[in-house]
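Participant: no sequence for this one, just the structure:
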């Protein structure tokens, strides 16, 4: 069994010492203040611990070149008396079944109502409570009031140990970490309350026992952790409960703050946000928008993107545009201002189906415009090798991860279903030589590779 809390490796000792010194200098751990802390922790234990759940999904994984099932673990919190609970998307991604351990030690199977990869959130539904009974639940705080220095507590199941609590402060109330990641629709609450493997999906609570965020990222060995603010959690939870998914508009724009200290890029304009890239064949590209343009207004409304912390609001505005309806953008290019009209598309499914070609010791997946843009650039519709087992027939024959499959045994393939039918036909044919010709695209170059599958690595 393994956890699903993302980790980054850093030294923890220096941060811990600084935290202790800060608390000591502030006089927060002595006398009456120490008693107040005990009361605060006791209140959290009595109010929120009963709403904490230990999440234990059985997930399927295809990345190693074969389908595997394993139990992982994380945390969650019940947020309604009828049994709705929130956790992280990465905790339940590719889950076949999801079990949860409740405060009274009961283990129950729960339903996945919906999940959202872009915000790393998921909504679960516990079995209906018995007649006349309700589930213990925790309430949300207004996360817009969170400030640096506020005391907070992280609750969860670190390393699979049920019901743990760690105390810390808010280090930064609006940390932006979306520079090179998908986490661009919200800023994050940064805390030094310990968030360890297994804490993912658990609540970050304030001194009143209210949820200010959902713990998601831990920085291994540093004492740094990041939580999704309660305001975003509530917004996504409402959409998942209503529709089972979060539908977002796609424009193809890539954005950067005008004053970006992360990359030392500074644009001397008073208004807007810098467009750093435009994806090919996107609505923005079709409208003639280019990298280097300054986006100043969306449908007549001013865009404020001076600093990185302002970017999530812009991303949300673009995501909320009406799909299929033209919208006017005002942009600046050099010293000239111009108008462009784009028609947003619906952001496509982030994950397609997986197929395990077990005898060939490889797994395949369909190319996706949003998840595999580089492969999509080479071939708009098709299938690629997701993983190869080592040792195995595919890798021994020279096939690699991310090879785009053009033909198998002389038959063109564009979908998972086509690959599956060809695979079943070939494996079922006991008379043929156990070799098959693959035509693939690798970094734009066409290659022909003979897959020899005479060895059965499963039997060996």
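Facilitator: All right, it came through fine. Remember, predicted model here, so these are calculated numbers, not experimental data. Numbers count the residues shown, from 1 in each chain.

Participant: Checking residue 386 next. Helix, strand or coil?
Facilitator: strand (DSSP: H, G, I helix; E, B strand; the rest coil).

Participant: For it, give me its contacts.
Facilitator: The contact partners of residue 386, taken as Cβ atoms under 8 Å, 6 or more residues apart in numbering, are 62-63, 354, 362-365, 401. (Each C-beta comes from the backbone N, C-alpha and C, glycine too.)

Participant: Just the buried residues of these.
Facilitator: 62, 354, 362-365 (16 or more other Cβ atoms under 10 Å).

Participant: hang on, the earlier thing: now render the contacts of residue 386 as a markdown table, adding distance to residue 314, pLDDT and secondary structure.
Facilitator: Output for those, formatted as a markdown table (distance: Cβ to Cβ, whole Å; pLDDT from 0 to 100; DSSP: H, G, I helix; E, B strand; the rest coil):
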| residue | distance to residue 314 | pLDDT | secondary structure |
| --- | --- | --- | --- |
| 62 | 35 | 81 | coil |
| 63 | 33 | 78 | coil |
| 354 | 34 | 82 | strand |
| 362 | 41 | 95 | strand |
| 363 | 37 | 94 | strand |
| 364 | 37 | 95 | strand |
| 365 | 31 | 92 | strand |
| 401 | 35 | 93 | coil |
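
Participant: Just list the residues touching the nearest residue to residue 393 once chain neighbours are set aside, thanks.
Facilitator: Counting by Cβ to Cβ, 6 or more residues apart in numbering, residue 453 is the residue found nearest to residue 393 once chain neighbours are left out, at 4.4 Å. Going by Cβ under 8 Å, 6+ apart, residue 453 touches 359-361, 393, 434-436.

Participant: Farthest pair within the residues you listed?
Facilitator: 361 and 435 (14.4 Å; Cβ to Cβ).

Participant: The helix or strand encompassing residue 76: partners in the sheet, and parallel or antiparallel?
Facilitator: Assigned by DSSP states H and E, residue 76 falls within strand 68-78. Looking at strand 68-78 with DSSP bridges, its partner strands are strand 2-3 (parallel), strand 52-61 (antiparallel), strand 84-87 (antiparallel).

Participant: Tell me which of those is the most buried.
Facilitator: Compared across the strands paired with strand 68-78, strand 84-87 shows the largest average neighbour count, a mean of 26 (mean count of other Cβ atoms under 10 Å).

Participant: low-confidence ranges in the stretch 51-200 of the chain?
Facilitator: Counting by pLDDT under 70, the ranges of the stretch 51-200 of the chain that qualify are 160-161, 179-181.

Participant: Show me where it has its helices.
Facilitator: 89-92 (DSSP state H, counting those that start in this stretch).

Participant: So which residues of it form strands?
Facilitator: Secondary structure of the stretch 51-200 of the chain (DSSP state E, counting those that start in this stretch): strands located at 52-61, 68-78, 84-87, 95-101, 107-109, 111-116, 121-125, 151-156, 164-175, 188-191.

Participant: quick one: the strands in the stretch 201-350 of the chain?
Facilitator: Secondary structure of the stretch 201-350 of the chain by DSSP E, counting those that start in this stretch: the strands cover 203-205, 211-220, 224-229, 249-250, 253-256, 259-260, 265-266, 273-278, 294-298, 301-302, 327-333, 336-342, 345-346.

Participant: Compare those and say which comes out lowest on pLDDT.
Facilitator: For the strands of the stretch 201-350 of the chain, mean pLDDT drops lowest on strand 211-220, to a mean of 85.

Participant: how much does it deviate in direction from strand 151-156?
Facilitator: Using axes from the mean of the first three to the mean of the last three Cα atoms, to 10 degrees, the interaxial angle of strand 211-220 with respect to strand 151-156 works out to 70 degrees.

Participant: which strands and helices sit next to strand 211-220?
Facilitator: strand 7-9, strand 68-78, strand 151-156, strand 188-191, strand 203-205, strand 224-229, helix 230-243 (3 or more Cβ pairs under 8 Å, 6 or more residues apart in numbering; DSSP states H and E).

Participant: Same list, the ones you listed, but as CSV with distance to residue 96 and mean neighbour count please.
Facilitator: Output for those, formatted as CSV (distance: least, Cβ to Cβ, whole Å; neighbours: other Cβ atoms under 10 Å):
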stretch, distance to residue 96, mean neighbour count
strand 7-9, 25, 12
strand 68-78, 7, 21
strand 151-156, 23, 25
strand 188-191, 30, 26
strand 203-205, 26, 32
strand 224-229, 25, 26
helix 230-243, 20, 18
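
Participant: Rebuild these as TSV, extending it with distance to residue 429.
Facilitator: Shown next, in TSV, are the helices and strands packed on strand 211-220 (distance: least, Cβ to Cβ, whole Å):
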stretch	distance to residue 429
strand 7-9	47
strand 68-78	27
strand 151-156	52
strand 188-191	54
strand 203-205	55
strand 224-229	51
helix 230-243	45
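
Participant: for the ones you listed, which one sits closest to residue 261?
Facilitator: strand 188-191 (16.2 Å).

Participant: Residues in contact with that closest one: which ones?
Facilitator: 143, 146, 152, 154, 168-177, 204, 212-213, 216-217, 224-229.

Participant: what bridges to residue 100?
Facilitator: On DSSP bridges, the residues paired with residue 100 through beta bridges are residue 55, residue 108.
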